[in-house]
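Peer 1: what's the 3D shape of this:
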Amino acid sequence: MRLDRTTVRAPFAGVVGQRYVSVGDYVTTSTKLASLHTVNPQRAAFQVPERFARDLKPGQQVSFRVAAIAGRDFTGEVDFVDPVVQLPGRTILVKAHVPNPARLLQPGMFIEAHLVTGVRPTAIVIPEEAVVPAEGANAVWVVVDGKVNRRQVDLGVRTPGFVEVTKGVNAGEQVVVGGLELLAPGAPVMARVVERKPAAAADPKPR
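Peer 2: Next up, the predicted model:
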């Protein structure tokens, strides 16, 4: 093969990675010359527990952060959901199409993904630290007329730092998030309202 008379065309636009041959090597039409990697867009792959199988579908939005790129959020769209549960972890492989115009993302980077599997705009969400164990169940301290009372609650979906309450707390009620070990039923308190907002995703965080 005369290199000065040869043109090698890649099947898609990308960057060349590892080269497998050198000048003088014998090659054929089936010889792998080099590895080629797509730059923009990238593909993000992550595992989701099988209990969310019914909630997964192409077209869902996914946001994630990359350990190697601090302070940046990336978004993509799911374009593949494996129909087979993988063992031994009993997880489902999900892949997403991710725009990468700045070329910050590279193959093999570790990501922490947040996949929106549902939206409940009327959900009651409280800081996770407000929940205390109570006789094998969960409870929170609720402020009513300047006094605290402990209520048993049922919990739903969790997000980092927050948890959904499905029973036991009404919208607009105040729950105590500090000094819980000092409280007793009926004790007077002076509430100081602290506004906290949960992450954008209202459903669990697969990794």
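Peer 1: What is the burial count for residue 152?
Peer 2: Neighbour count for residue 152, taken as other CB atoms under 10 Å: 12. (Glycine included, C-beta is placed from N, CA and C.)
Peer 1: In which helix or strand does the spatially most central residue of the chain reside?
Peer 2: Nearest to the mean C-alpha position of the chain, by CA atoms, centre = their mean, lies residue 114 at 1.9 Å. According to DSSP states H and E, residue 114 maps onto strand 111-115.
Peer 1: Where does pLDDT dip in this protein?
Peer 2: Along the chain, the parts satisfying pLDDT under 70 run over 1, 194-207.
Peer 1: Residue ranges of each domain in it, please.
Peer 2: 42-115, 124-182 (automatic domain parsing).
Peer 1: Look at residue 73 and give its secondary structure.
Peer 2: Following DSSP: H, G, I helix; E, B strand; the rest coil, the label given to residue 73 is strand.
Peer 1: Provide a list of residues in contact with it.
Peer 2: 63, 64, 65 (CB atoms under 8 Å, 6 or more residues apart in numbering).
Peer 1: Give me the distance between it and residue 62.
Peer 2: Look at residue 73 and residue 62: by CB to CB, to the nearest Å, they are 11 Å apart.
Peer 1: Then residue 48?
Peer 2: In this view, residue 48 and residue 62 are 10 Å apart by CB to CB.
Peer 1: overlap in contacts of the two?
Peer 2: Shared contacts of residue 48 and residue 62 (CB under 8 Å, 6+ apart): 94, 115.
Peer 1: ok, residue 90 touching residue 47?
Peer 2: No: using CB atoms under 8 Å, residue 90 makes no contact with residue 47, being 9.7 Å away.
Peer 1: Give me the more crowded residue out of these two.
Peer 2: A count of neighbours by other CB under 10 Å puts residue 47 above the other of residue 90 and residue 47, at 16 against 11.
Peer 1: and the more buried one, which of the three is it?
Peer 2: What three-state DSSP gives for residue 47 is strand.
Peer 1: Out of the contacts of residue 73, name the ones that lie in strands.
Peer 2: 63, 64, 65 (DSSP state E).
Peer 1: ok, the second one - contacts?
Peer 2: This means residue 64. Residue 64 makes contacts with 44, 46, 73, 74, 75, 76, 111, 112, 113, 114, as judged by CB under 8 Å, 6+ apart.
Peer 1: So what pairs up with it in the strands?
Peer 2: Per DSSP bridges, residues listed as beta-bridge partners of residue 64: residue 74, residue 113.
Peer 1: Offset the numbering so it begins at 40, please.
Peer 2: Got it, the first residue is 40 from now on, which makes the last one we talked about residue 103.
Peer 1: Tell me the spacing between it and residue 76.
Peer 2: 19 Å.
Peer 1: ok, the spatially closest residue to residue 125 that is not a sequence neighbour - how many residues close by?
Peer 2: Take residue 125 and drop its neighbours on the chain: the residue closest to it by CB to CB, 6 or more residues apart in numbering is residue 132, 6.3 Å away. Around residue 132 there are 15 other residues, counting by other CB under 10 Å.
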